[in-house]
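S.K.: need a 3D model of the sequence below.
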Amino acid sequence: MTRAAKKEKFFELKRLKADEGFIRVQCRADGIFPKPVMTLHSQQRRIPEAIVQSKQEGHLYEISAQVTLPELEKPEEFSCKLHIPLANYTTRRETVFYPDLRKDTKWKDTVLLNRKGLEFSTHIFKQACFSAPISPKGINLRTFIF
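M.R.: Here you go, the predicted structure:
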């Protein structure tokens, strides 16, 4: 029997801090009826079974799923599927998480004065160099990968 669904009023997928060398991916939704099911997926790797918690307040449900994974080495697409079986309703959130470029890098900010005016540069050694000349016409951003 299909029941009328109370669609989620809040639904998010985000990355949280975890222990050194790991990330935590969390998906949360609330304001849902009837009882939902939630799963996490990645395009690049198999995700172990997530820890899923749900609770009911009144007739509405709140649900979350989270998993701890090794730190990202390259950009990775994640998705969270929210499914209400009794209502035949499914929705999802998708996002790309990027590796933390600040990990194991040394940041150095410099301000240079040259003929073109003032130039502000942030160097990330062994990773990238970001340079933004400041001019009356605005800021021009350049990126160099070493």
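
S.K.: now do the contacts for Thr39.
M.R.: Thr39 makes contact with Ala50, Ala65, Cys80, Lys81, His83, according to C-beta atoms under 8 Å, 6 or more residues apart in numbering. C-beta here means a position set from N, CA and C on the backbone, and glycine is covered the same way.

S.K.: name the element it belongs to?
M.R.: Secondary structure assignment for Thr39, by DSSP states H and E: strand 37-42.

S.K.: list the buried residues in the following helix or strand past that strand.
M.R.: The first helix or strand that comes after strand 37-42 along the chain, using DSSP H and E, is strand 51-57. By 16 or more other C-beta atoms under 10 Å, the buried positions in strand 51-57 come out as Val52, Ser54.

S.K.: between strand 51-57 and strand 37-42, how many degrees?
M.R.: 150 degrees (axes from the mean of the first three to the mean of the last three C-alpha atoms, to 10 degrees).

S.K.: for the record, mean pLDDT for the helix or strand just after strand 51-57?
M.R.: Going down the chain from strand 51-57, the next helix or strand is strand 60-70, by DSSP H and E. Averaging pLDDT along strand 60-70 gives 96.

S.K.: what of stretch 43-52?
M.R.: Stretch 43-52 comes out at a mean pLDDT of 91.

S.K.: on that earlier part again, need the buried ones from the contacts of Thr39 selected in PyMOL.
M.R.: Buried members of the contacts of Thr39, defined by 16+ other C-beta under 10 Å, are picked up in PyMOL with:
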select buried, resi 50+65+80+81
